[in-house]
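# Sequence first, predicted coordinates after that:
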Amino acid sequence: MQFAMCKKCGAAVLASCALSFSPCVSFSETLDESLFAYKAVFTVAGYGGESELAGFPVLVRVSGADIPGFAYEDTAADGIGIQFADESGNILPHEIDEWNPDGESFVWVCLPSLFDGAWFSMYWGVNAVEAGSPGSVWADGGYFGVWHLNSQEDGAVPDSSGSGFDGTRLSGSVSTNGLVGGGVLISSGAAGDKNSNCGVVIPNYDSAGAGNTFTFSAWILYKSGQTAGYDRIASRKSSYDAKNGWEVTLRNGDNTALDHRGSSGDAQQSKVFGNVADGEWKHLSVVYDGAVSRVYVNGDFKSEKEIAAASDNGQNLVLGNNNSRNEVVFKGVLDESRLRLEASSADWAYAEYATIADPEFLSCGGAESVDARVPFIASPEVLTVGYHSAELGYTLKRVGDSVPEVRLEYGTERGVYTESVVLSEAVQTTGTFSA
């Protein structure tokens with residue numbers, strides 16, 4: 001059974017056996033507030049950097065606790081229909097990382113410019129308008145690989161950047177809770193363990209043209225109490241002494257150190273952790289900038305080393321292992337792994353960390369009604385479905401205090417609406433359609 005509502009004329013229709021919403025409207029560059037029932041304003045409050053960051057993706061947390069007055073019942077299934085706009089009303093690209101109507105949801109929103117005081121709005125209450133391109137969330141920030149690591153049951157690990165570098169989780173690694181939604185437990189084995197079936201394999205990305213200037217970042221949660229081996233965090237090498245590629249590893253027997261190699265086997269050891277095995281999540285950003293590599297942990301600069309510059313080599317990138325899968329695997333969980341076609345600045349490295357770690361990075365004033373005259377349908381529910389009939393429960397909500405007359409048309413065939421009802425009273429009306 002299908003119930004559709006035209007946002008231009010106010011008509012709502014029941015038309016087929018699948019419950020979905022299809023407003024006859026398409027978004028232009030500028031958002032039309034009248035299509036929505038509610039909005040919330042977010043303000044960047046926890047950045048603190050010296051430079052404005054163009055095309056930066058911020059994490060928006062969605063729940064009644066994060067946005068006072070927000071209710072999932074006022075949104076369509078899977079978050080379809082939410083939208084974002086900047087202070088000028090221009091639609092902002094967004095990607096729903098995880099939509100959880102029983103708890104907290106995570107949405108990435110690309111801001112044209114990040115600085116303290118920048119603000120934007122989230123809109124909802126419109127049904128089934130699928131808007132925003134995941135790729136465009138990340139492209140303006142220079143990302144060519146973004147793996148949220150919410151891997152599917154078949155082991156697929158999608159690349160959200162739009163570049164098409166979708167990965168595969170190997171059978172020895174499993175999906176688990178991450179810092180933002182799901183993550184991947186690479187291995188829970190003992191120190192020094194090697195396992196050819198552990199890791200996430202990312203296909204050869206030579207076509208991106210990263211060469212020797214790029215940034216790798218990830219959130220890592222190392223096995224608590226473990227003594228580090230040469231655990232691979234990320235590697236584009238077939239062996240540690242290969243004369244091409246790059247890799248980032250822990251340091252054998254030293255829970256404070258990180259090795260970040262370029263296209264040689266020389267280990268550029270940096271003391272960057274207090275204790276990598278302290279049971280806490282850590283954000284790691286490794287910048288490859290020609291013959292120099294810099295390391296940031298939790299947004300703080302830790303080390304700069306001269307290296308043999310990294311190189312493209314036609315090989316896969318493997319998270320948690322090396323390309324030959326014959327070295328020590330990472331003992332713990334990886335989340336939010338990314339590649340960026342730029343040498344990230346200190347401000348970028350900090351903001352990438354803080355947008356996830358700092359609950360006050362964005363402030364929100366709470367939900368408010370949009371001053372619009374267009375009613376909308378909330379909480380649709382299929383009550384009964386028979387061979388020749390069906391019944392749909394609905395709640396018609398009028399925004400504000402106005403009570404415009406609404407004619408709802410419905411039928412049993414898409415596009416052929418033989419029945420109708422006129423509603424002309426009450427700001428909120430609950431009822432059923434039978435056809």
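Right, received. Where do you want to start? The model shown is predicted, which means the values in this text are computed figures rather than measured ones. Numbering: from 1, shown residues only.
# show me where the stretch 101-250 of the chain has strands.
Listed in chain order, the strands of the stretch 101-250 of the chain (DSSP state E, counting those that start in this stretch) span residues 105-114, 119-124, 143-147, 156-157, 167-169, 174-177, 182-187, 200-202, 213-222, 232-235, 247-251.
# Determine which stretch of those strands is the most buried.
Here the criterion is mean neighbour count by mean count of other Cβ atoms under 10 Å, and of the strands of the stretch 101-250 of the chain the winner is strand 232-235, at a mean of 28. C-beta coordinates here come from the backbone N, C-alpha and C atoms, glycine included.
# Of the strands of the stretch 101-250 of the chain, which is nearest Tyr353?
Ranking the strands of the stretch 101-250 of the chain by proximity to Tyr353 (Cβ to Cβ) places strand 213-222 first, at 8.6 Å.
# Tell me which of the strands of the stretch 101-250 of the chain lies nearest to Asp241.
Once the strands of the stretch 101-250 of the chain are compared by Cβ to Cβ, strand 247-251 is nearest, at 10.9 Å.
# that older thread, which among the strands of the stretch 101-250 of the chain is found nearest to Arg407?
Among the strands of the stretch 101-250 of the chain, if distance is taken as Cβ to Cβ, the winner is strand 119-124, at 24.7 Å.
# May I have the closest one as PDB, with CA atoms only?
Extracted C-alpha coordinates of strand 119-124, given in PDB (Å, rounded to 0.1, in the frame of the first residue of the first chain):
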ATOM      1  CA  TRP A 119      26.300  27.700  11.700                       C
ATOM      2  CA  PHE A 120      23.900  25.500   9.700                       C
ATOM      3  CA  SER A 121      20.500  24.000  10.000                       C
ATOM      4  CA  MET A 122      19.000  20.500   9.900                       C
ATOM      5  CA  TYR A 123      15.500  20.200   8.600                       C
ATOM      6  CA  TRP A 124      13.100  17.300   8.900                       C
END
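# That one versus strand 105-114: what angle between them?
For strand 119-124 and strand 105-114, the angle between their directions (axes from the mean of the first three to the mean of the last three Cα atoms, to 10 degrees) works out to 150 degrees.
# What's the local residue count around the closest residue to Gly48 other than its chain neighbours?
Taking Cβ to Cβ, 6 or more residues apart in numbering, and ignoring the residues beside it in sequence, Gly48 has Asp116 as its nearest neighbour in space, at 6.5 Å. A total of 13 residues lie near Asp116 under the criterion other Cβ atoms under 10 Å.
# ok, now Gly49?
Neighbours of Gly49 (other Cβ under 10 Å): 19.
# Name the residues of stretch 150-166 that come out as buried.
For stretch 150-166, the neighbour count (16 or more other Cβ atoms under 10 Å) marks Asn150, Ser151, Gly155, Val157, Pro158, Asp159, Ser160, Ser161, Gly162, Ser163, Phe165 as buried.
# So Gly274 versus Lys302, what's the distance?
11 Å (Cβ to Cβ, to the nearest Å).
# What is the subsequent helix or strand relative to the strand or helix carrying Arg338?
Counting by DSSP states H and E, the element that carries Arg338 is strand 332-340. If you walk from strand 332-340 toward the C-terminus, the next helix or strand you reach (DSSP H and E) is helix 346-357.
# At which residues are the strands of the stretch 251-400 of the chain located?
In the stretch 251-400 of the chain, the strands defined using DSSP E, counting those that start in this stretch lie at 254-261, 269-271, 282-289, 292-297, 300-306, 317-319, 332-340, 362-369, 376-385, 390-397.
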